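A.B. asks: Next one to model:
(one chain, ligands or ions: 1)
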Amino acid sequence: MPAGVNDVSDVATSRRKDAHLDLCATGDVVPAGNATLFDDVHLVHCALPELSLEELSLRASLFGKQLQAPVLITGMTGGSQRAGEVNRQLAEVAERFGVAFGVGSQRAMAERPELTSTFAVRDVAPTTVLIGNVGIVQARQLGADGVRRLMDAIGADAIAVHLNPGQELTQPEGDRDFRQGYATLSTLAKHLGDRLLVKETGCGISPAVARRLVEIGVRTVDVSGSGGTSWVRVEQLRATGVAQEVGAQFSGWGIPTAAAVASVRRVVGSKATVIASGGIRHGLDVAKALALGADVAGLALPLFRAQQQGGVAGAAQAMEVILAGLKQALLLCGARDVPTLRSQPRVLTGTLKDWLTALPPDEPANGWR
Ligand SMILES: Cc1cc2nc3c(=O)[nH]c(=O)nc-3n(C[C@H](O)[C@H](O)[C@H](O)COP(=O)(O)O)c2cc1C
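C.D. replies: Residues are numbered from 1 along each chain as shown. Got it, this is the predicted structure:
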């Protein structure tokens, strides 16, 4: 259905977004049995680092701009007054710390352009790496020009197209037809070039899918693996009947983030920027993700909850703790910067090792080759 023709669905989109925020603020959206498998990654301690904390550099780049630290507040929200406040406050924190920031799905804005202000954060984040957001099914409907308009309307540096079939299937009103995904992304890659990011939302991107994304011209991938916020669980909590029962069975579904990032890096080599997100909760997780090959690590739920509890000050403090932990990890590994950290040995154990054995670099994608 063309965007903007169904007022009932338009308002429903905004209402659903606020229900999601309520659930994520306090609900049980991180199933206890799910794990990122970062516990299976052991960085090697250096007792004589020969470094001063001040000389460490966390600098990185994303979409052609400098970051003060390789961290991204991943896309969460927009489309209601409350969501707009979340975006503005988290964007302000991103600007202060020189990390990247993504808005949530701009579907509501595509349907009701008057909601643009709830995604617009450039006045509080003039230099931040800013990333727009749209779902793959909406991107297919909007076409390349429509997607570009969403990005340009908020002055974003890039746009994330999110993949969330697990969530959609659990959502009673969700999408059921996921065909033409690669064709959609291939067209977008041709039109947007390096300004396109493809992300999951907590179920992970496999090496097979990542390799095919790179083949069609995608240059930045956020694996968003399992172990953190589960969107199947979020929808399960909203659903009744069959959707609720099936959602319960699938709330542990997905590729653990550590397995996704390590295996995706192996297949994409230097052809893509890799972002690790999904269950990253502190600076040590960020360090482990970087050591496994991520260029940038992303967090959603911890910063959202910190903002809900303490506004800008709460989110800023959470970011300070994350960056202090990351610096401490670098120093204790004797690494002056992220490239040095990545070149150092690390020990992989347990279930993560099993995943990495089962996801070899030459795994063919479904329906490909
Ligand atoms: C409140 C909330 C809203 C979200 N909305 C979106 C969204 O609109 N688009 C998207 O791509 N991802 C969305 N996500 C998913 C996150 O970007 C991220 O991929 C996922 O939550 C895993 O990270 P986490 O464990 O740090 O939360 C949302 C996450 C949260 C917590």
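
A.B. asks: surely Lys199 meets Ala158?
C.D. replies: No: in this structure Lys199 lies outside contact range of Ala158 using CB atoms under 8 Å: 11.0 Å. The way it works is simple: take the backbone N, C-alpha and C, and place the C-beta from them, glycine included.

A.B. asks: What's the local residue count around Ser206?
C.D. replies: Residue neighbour count, defined by other CB atoms under 10 Å, stands at 22 for Ser206.

A.B. asks: I meant Met319, not that one.
C.D. replies: Other residues near Met319 number 23, with proximity taken as other CB under 10 Å.

A.B. asks: How about the residue lying farthest from the centre of the chain, nearest residue that isn't a chain neighbour?
C.D. replies: Ranked by distance from the centre of the chain (CA atoms, centre = their mean), the top residue is Leu48, with 35.2 Å. Of all residues beyond its chain neighbours, the one nearest Leu48 is Gly334 (7.6 Å), with distances taken as CB to CB, 6 or more residues apart in numbering.

A.B. asks: distance of the one you found from Leu341?
C.D. replies: Per CB to CB, to the nearest Å, Gly334 is found 9 Å from Leu341.

A.B. asks: out of those two, which sits in the busier spot?
C.D. replies: In terms of neighbours (other CB under 10 Å), Leu341 is the more surrounded of Gly334 and Leu341; the figures are 20 against 17.

A.B. asks: Regarding the more buried one, what is its secondary structure?
C.D. replies: Under DSSP: H, G, I helix; E, B strand; the rest coil, Leu341 falls in the helix class.

A.B. asks: can you list the residues of the stretch 1-150 of the chain near the ligand?
C.D. replies: Residues of the stretch 1-150 of the chain found near the ligand (CB under 6 Å from any ligand atom) are His20, Leu21, Cys24, Thr74, Gly75, Met76, Thr77, Gly104, Ser105, Asn133.

A.B. asks: tally of neighbours for the closest residue to the ligand within the chain?
C.D. replies: Scanning the chain for proximity to the ligand using CB to the nearest ligand atom identifies Gly228 as nearest, at 2.0 Å. Taking other CB under 10 Å as the criterion, the count of residues near Gly228 is 26.
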